[in-house]
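In: kindly return the folded structure for what I paste below:
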Amino acid sequence: MAHMAYSTAPALTVGFDLDMTLIDSRPGIHACYLALAERTGTFIDADLAVTRLGPPLVEEIANWFPAAHVEEMADLYRSLYPTYAITGTLALPGAREAIDAVREAGGRSLVVTAKYEPNAELHLDHLGIRPDVLAGDLWAEQKAVALREHGAGVYVGDHEGDVRGARAADALSVTVATGPFGAEELRAAGADVVLADLTEFPQWLAGHLETTRG
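Out: Numbering: from 1, shown residues only. Presented below is the predicted three-dimensional model:
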């Protein structure tokens, strides 16, 4: 009977954000903004831009280009991205181990990001981070679409937008203070769990599973 009860329990599915949760994309994005500035002759403060990663690209592009050209410049940025942004980007400490911890617990992992999905896939392939599912072009509450579709009970991110996405999906909001929000800001945003970084995730997950599977 115990075996039957366990087998009918919902499968563990954990979602992860990408930028500043799994990867430190600031060096690559910085290089890409400089390339965009050079290509267009338009000043872009790349140092500033990389301090506010998370929201969709068009929101940042709108700070530097007239509204009528935002979509065009976003497309140009995306086309430059594979050349300038992939090799300079590093996995954050604990990223691969966090994905592995989900797999070792018999679960599935998905990456849900606002980033253009083909470029997100390039990052994951380059760094050898292998989630079961990737969903791109989703921000804040929109992330709940993919989280619900795949039955994610936990969503891990670094931004208040990630907390909003988890809430909209009725998932547990687990956050890491590796992005633009500090631990207190993440708690104030409504995160259920705040970790310093992903190196703390496997131990947290083990405790979470012990509690929920009781």
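In: C-alpha from now on. contacts and neighbour counts both.
Out: OK.
In: low-confidence stretches in the chain?
Out: Within the chain, the stretches with pLDDT under 70 are 1-10, 214.
In: mind listing the helices for it?
Out: 2-7, 26-40, 46-49, 57-61, 70-84, 95-104, 117-127, 143-149, 160-168, 183-188, 201-213 (DSSP state H).
In: what does the second one rub up against?
Out: Here helix 26-40 makes contact (Cα atoms under 8 Å, 6 or more residues apart in numbering) with 42-44, 46-47, 49-50, 76-77, 80-81, 84-89.
In: buried residues, that helix. List them.
Out: By neighbour count on 16 or more other Cα atoms under 10 Å, the buried set for helix 26-40 is 26-37.
In: then the fifth one?
Out: The neighbour-count check on helix 70-84 (16+ other Cα under 10 Å) flags 70-71, 73-74, 77-78, 80-82, 84 as buried.
In: by contact count, what packs against it?
Out: helix 26-40, helix 57-61, helix 117-127 (3 or more Cα pairs under 8 Å, 6 or more residues apart in numbering; DSSP states H and E).
In: wait, which of those is closest to E210?
Out: In terms of Cα to Cα, the element of those nearest to E210 is helix 117-127, at 29.6 Å.
In: who's in contact with the closest one?
Out: By Cα under 8 Å, 6+ apart, helix 117-127 touches 18, 78, 81-82, 86-87, 89-91, 113, 130, 134-137.
In: just the C-alphas of that helix, formatted as CSV.
Out: Below are the C-alpha coordinates for helix 117-127, written out as CSV (Å, rounded to 0.1, in the frame of the first residue of the first chain):
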residue,chain,number,x,y,z
GLU,A,117,14.4,30.8,-26.3
PRO,A,118,17.0,29.9,-29.0
ASN,A,119,19.6,32.0,-27.2
ALA,A,120,18.7,30.5,-23.8
GLU,A,121,19.2,27.1,-25.4
LEU,A,122,22.7,28.2,-26.6
HIS,A,123,23.6,29.1,-23.0
LEU,A,124,22.5,25.8,-21.6
ASP,A,125,24.2,23.8,-24.3
HIS,A,126,27.4,25.7,-23.9
LEU,A,127,27.5,25.3,-20.2
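In: tilt between it and helix 95-104?
Out: Helix 117-127 and helix 95-104 are oriented at 100 degrees to each other (axes from the mean of the first three to the mean of the last three Cα atoms, to 10 degrees).
In: so which bits of helix 117-127 are buried?
Out: 117, 119-124, 127.
In: which of the buried residues of helix 26-40 sits closest to V176?
Out: Among those, and counting by Cα to Cα, the member closest to V176 is R26, at 16.4 Å.
In: was I right to think A144 contacts G165?
Out: Yes: with contact defined as Cα atoms under 8 Å, A144 reaches G165; the gap is 5.3 Å.
In: quickly list the domain ranges of the chain.
Out: 2-24+90-213, 26-84 (automatic domain parsing).
In: most tightly surrounded among those?
Out: Highest mean neighbour count of the domains of the chain: domain 2-24+90-213, a mean of 19 (counted as mean count of other Cα atoms under 10 Å).
In: quick one: distance of that one to the chain centre.
Out: 7 Å (Cα atoms, centre = their mean, to the nearest Å).
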